[in-house]
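*Asks:* pasting the sequence and the predicted coordinates here, then a few questions.
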Amino acid sequence: MTPDDAILSHRETAIPHLLVADDEPRLLETLCALLRAEGYRVTGASGGRHACELVQSASFDLALLDLRMPEVDGFGVMAALADHQPDCGIIVVSGESSFTAVSRALRRGALDYIRKPFDPEELLATVQSVVGKQNLLRDHEHIQMRLEKSEALHRYIVNSSPDIVFMLDEDGHFCFVNSKVEALLGYQPAELTGQHFRNILDDRDVARGTYALKGPNITADNPRTLEVRLKTRGSRRATRHFEITAFPIDPQTWPQGNGLAGDTNGRTARYYGTARDVTERKEAEAFINFQAYHDLLTRLPNRALFKDRLELAITQARRSQQQLAVMFLDLDRFKVINDTLGHAMGDRLLQAVTQRLEKCLRKGDTLSRFGGDEFTLLLPSIGGHDDARQISRKLINALRAPFQLGEHEVFVGVSIGIALFPEAGESLDQLIQNADIAMYHVKARGKDGYRFFSPSMSIDSAQRLNLERDLRLALERDELKVYYQPQVCSTTDRIVGLEALVRWQHPERGLLYPRDFLPLAEETRLIGLVSERVLDQACQDVGEWIRAGHPDLRLAVNLSPAQVEHPRFVETLMQRVDAHRFPARNLEIEITENVIMSDLEQISQKLRELATLGVRIAIDDFGTGYSSLNYLHRLPIHTLKVDQSFVKAIRSNDDGACIVNAIVAMAHGLKLDIVAEGVETDEQLDYLRGLGCHQVQGFFYGPARPAEEIARELCGRREKAASF
Ligand code: C2E
Ligand code: CA
Ligand code: CA
């Protein structure tokens, strides 16, 4: 049974209450008895006044009224009923047969008219039909009310849905949108109805969104769901993500034009759908995704994403037979800054560094934070070494200017190792590892520079362990030797100095050069012991030669960055020198520009101390590092050593030669001594002489040789000089 059936059956079973009013007692009684016998509930009124009283105290479904009654007539009772019980039906039962009276009664709302004397059957039939009509009317009203309530309820449900609920016509115009659209997107439902739904789709989703509804086989059972971005009202760029579920309305199952007729705006709704705001979920997903593949501090890709992109780039490079470069960048001095200024400053520095590095890159390059102060850079298509070199220089230069961290001005450098595909490795791991190894070599050589990986650098960890153990043994067994390379005055051919260069007489591998073991020594801090040994030996050897008749002979020793950066560097150096009674004025230490720049304040303090003690200071490999000329006149520097690469360039007569010219001119201007390194040919020697650069060092005068050979040579020369 439906609720409406229930109402009807309730109506059928309810017994109608009838009011019968007549001033003639016998007639009243007969009428009442007749109606009661028919099953009605009947209340009799002995006249108009009595009837009016009853109207105020009880409720009636139907009144049978005599028209002509004393005091208050039938019309009077009708008026009372109209006031108090407008729903009560009225039948006039009267001897009055004039047309005016009857029509007056009907105008005032009487439903029927029965003439006295009445035929009981006719009377009962009339009563029954009026009661039936009234019941119908009442039921109709009731149903109408129920419908209105039900519609209000559905409207309430639709409008208070957390989702946008909408209907579209055949072409995609809105027929209906619930009021949620205002809260979520800012549109009034009225301004959307009649508009095409593509007007609120984000431009990027228009094609997909409009196509989705056209697709075949979407039905109420198989609705279409899709995620789209919808534009909010006002700013065109603000979009929110929605998950839309839509299906076509089957005209068979949904009677159109009913119920929501007003809302459908005269259009025929063909699609029904809901749009759920999933923006927060999308944003959370996006964030989780971002977090999984990015470093949150710098917002750069992380290790995982870098490897992903590298893998892809390798595949592409292999297919198109191109090169690519992987760079491993490690900041110099970051740890010191982080430790002294705190992690918050360290974080800010990393962000600032990232910004500067990013400015050097092209679209398609991937810079990632690999961890700590390590970055990796992927250059997917690169011409070769020259391109990589150029970019490295750009990166190094970008970090050269100081960083302002609050009130602190800090300098960081960067050491860059480069691995080119395919020459330095064909796999992802190989390339990263080899770039890392190359980076270590930069660090060991004084930081702040770049180097390409070469197979001689790669020592696997087992070999590395062996080497480290061997090096410790070498120190015990005294396998480290000091060789000396003469620094010669090119006008007199006299040896003015000797540069001490370490060698390792390895029992199995033969004579090893610094490049084979110094990087490892740096890493393992064995470098301190190695340097001590070299200094001891050199002071001993050269001290002897000085005392044997070469009082001006200079000893040049190379110092590693770690040594110079050590807080007690000056103290330990001088202890060793004094222990051998080596004259400080005969000692020249060689350091690189990068060492100085790593901590200008500290290092210049140390250099000043040494200079006051008489020790000379030389800048090694001059021109390849910072080349920041303005520190030169502020520091106690005695000698510039022109890097071999510039001397080599003399032969080809290109820019390198110009650099030599410039360095020599500058050294003269600053009244510094100058030593040209790596001189191998007559031509180079002539050129340098022409410039006024008279101290030279290189294979032209011989490589570094063991002490005995040098002693012999010194002795020979002295004898030669004496015999003139
Ligand atoms: P460096 O100070 O630039 O030394 C010059 C390097 O050039 C030496 O290589 C030397 O043998 C080489 N050389 C000299 N003349 C010529 C030439 O005419 N042509 C060519 N092609 N090369 C020439 P070596 O001995 O292999 O040393 C390499 C580097 O290792 C040195 O570069 C120096 O930075 C470092 N080193 C050497 N001995 C020591 C040491 O006892 N302590 C420290 N800390 N570093 C050292
Ligand atoms: Ca040197
Ligand atoms: Ca050098």
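*Replies:* Great, that's in hand. Ligands and ions are numbered 1, 2, ... in the order given.

*Asks:* so the longest strand seen in the chain, near ligand 1 or not?
*Replies:* Across the chain, the longest stretch assigned as strand under DSSP state E is strand 495-506. Yes. Counting by Cβ under 6 Å from any ligand atom, ligand 1 is contacted by strand 495-506 at 500-502. In short, each C-beta sits where N, CA and C put it, glycine included.

*Asks:* and which of the residues you listed is nearest to ligand 2?
*Replies:* Looking at those and their distance to ligand 2, the nearest is residue 501, at 7.5 Å (Cβ to the ion).

*Asks:* report pLDDT for the closest residue in space to that closest one that isn't next to it in sequence.
*Replies:* Closest residue in space to residue 501, ignoring its immediate chain neighbours: residue 704 at 4.4 Å, by Cβ to Cβ, 6 or more residues apart in numbering. On the pLDDT scale, residue 704 is placed at 96.

*Asks:* any idea how far residue 641 is from residue 704?
*Replies:* Relative to residue 641, residue 704 is positioned 15 Å away (Cβ to Cβ, to the nearest Å).

*Asks:* and these two? Which one has more around it.
*Replies:* Legend: neighbour count by other Cβ atoms under 10 Å for residue 704 and residue 641, higher for residue 641 (26 against 20).

*Asks:* for ligand 3, state which of the residues of strand 495-506 next to ligand 1 is nearest.
*Replies:* residue 501 (9.9 Å).

*Asks:* check contacts around that closest one.
*Replies:* By Cβ atoms under 8 Å, 6 or more residues apart in numbering, the contact list for residue 501 reads 482-485, 514, 558, 704.

*Asks:* what does residue 415 show for phi and psi?
*Replies:* The phi/psi pair for residue 415 (degrees, to the nearest 10) reads phi -110, psi 130.

*Asks:* ok, the residue nearest to it when sequence neighbours are not counted - how many residues close by?
*Replies:* In space, and not counting its chain neighbours, residue 415 is closest to residue 442: 3.9 Å by Cβ to Cβ, 6+ apart. When neighbours are counted by other Cβ under 10 Å, residue 442 registers 26.

*Asks:* right, and residue 442 touches residue 414 too?
*Replies:* No. Look at residue 442 against residue 414 with Cβ atoms under 8 Å: they stay out of range, at 9.0 Å.

*Asks:* list the residues that contact both of these two?
*Replies:* In terms of Cβ under 8 Å, 6+ apart, residue 442 and residue 414 are both contacted by the residues residue 448.

*Asks:* can you give me the strands in the stretch 451-600 of the chain?
*Replies:* Applying DSSP state E, counting those that start in this stretch to the stretch 451-600 of the chain gives strands spanning 480-489, 495-506, 510-512, 554-558, 587-592.

*Asks:* which of these sits closest to residue 223?
*Replies:* Closest to residue 223 of the strands of the stretch 451-600 of the chain, according to Cβ to Cβ: strand 587-592, at 72.0 Å.

*Asks:* and that closest one with strand 480-489, angle?
*Replies:* Here the directions of strand 587-592 and strand 480-489 differ by 100 degrees (axes from the mean of the first three to the mean of the last three Cα atoms, to 10 degrees).

*Asks:* with only the CA atoms kept, save strand 587-592 in CSV.
*Replies:* The C-alpha coordinates for strand 587-592 follow below in CSV (Å, rounded to 0.1, in the frame of the first residue of the first chain):
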residue,chain,number,x,y,z
LEU,A,587,112.0,27.9,2.4
GLU,A,588,109.2,28.7,0.0
ILE,A,589,105.8,27.1,0.5
GLU,A,590,103.6,26.6,-2.5
ILE,A,591,99.8,26.9,-2.1
THR,A,592,97.0,27.4,-4.6
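
*Asks:* name the helices or strands packed onto that strand?
*Replies:* Under the contact definition 3 or more Cβ pairs under 8 Å, 6 or more residues apart in numbering; DSSP states H and E, strand 587-592 sits against strand 554-558, strand 616-622.

*Asks:* so is it next to ligand 2?
*Replies:* Yes. Contact of strand 587-592 with ligand 2 (Cβ under 5 Å from the ion) involves residue 590.

*Asks:* around ligand 3, which positions in this structure sit nearby?
*Replies:* Residues of the chain found near ligand 3 (Cβ under 5 Å from the ion) are 620-621, 677.

*Asks:* can you flag the buried ones in the residues you listed?
*Replies:* When the residues of the chain next to ligand 3 are checked for burial by 16 or more other Cβ atoms under 10 Å, the buried set is 620-621, 677.

*Asks:* lowest-confidence member of those residues, which is it?
*Replies:* Within those, residue 621 has the lowest pLDDT, namely 88.

*Asks:* does that one touch residue 594 like I think?
*Replies:* No. Residue 621 is beyond contact range of residue 594, at 9.1 Å (criterion: Cβ under 8 Å).

*Asks:* show me the contacts for the closest residue to residue 118 other than its chain neighbours.
*Replies:* Nearest residue to residue 118, sequence neighbours excluded (Cβ to Cβ, 6+ apart): residue 93, at 6.4 Å. Residues in contact with residue 93 (Cβ under 8 Å, 6+ apart) are 22, 31, 64-66, 114, 116, 118, 123.

*Asks:* again with residue 42
*Replies:* For residue 42, the contacting residues are 17-18, 20, 32, 35-36, by Cβ under 8 Å, 6+ apart.

*Asks:* pull the most distant pair out of those.
*Replies:* The two members of the contacts of residue 42 with the most space between them (Cβ to Cβ) are 17 and 32, at 12.6 Å.

*Asks:* in helices, which of the contacts of residue 93 appear?
*Replies:* Among these, the members falling in helices (DSSP state H) are 31, 123.
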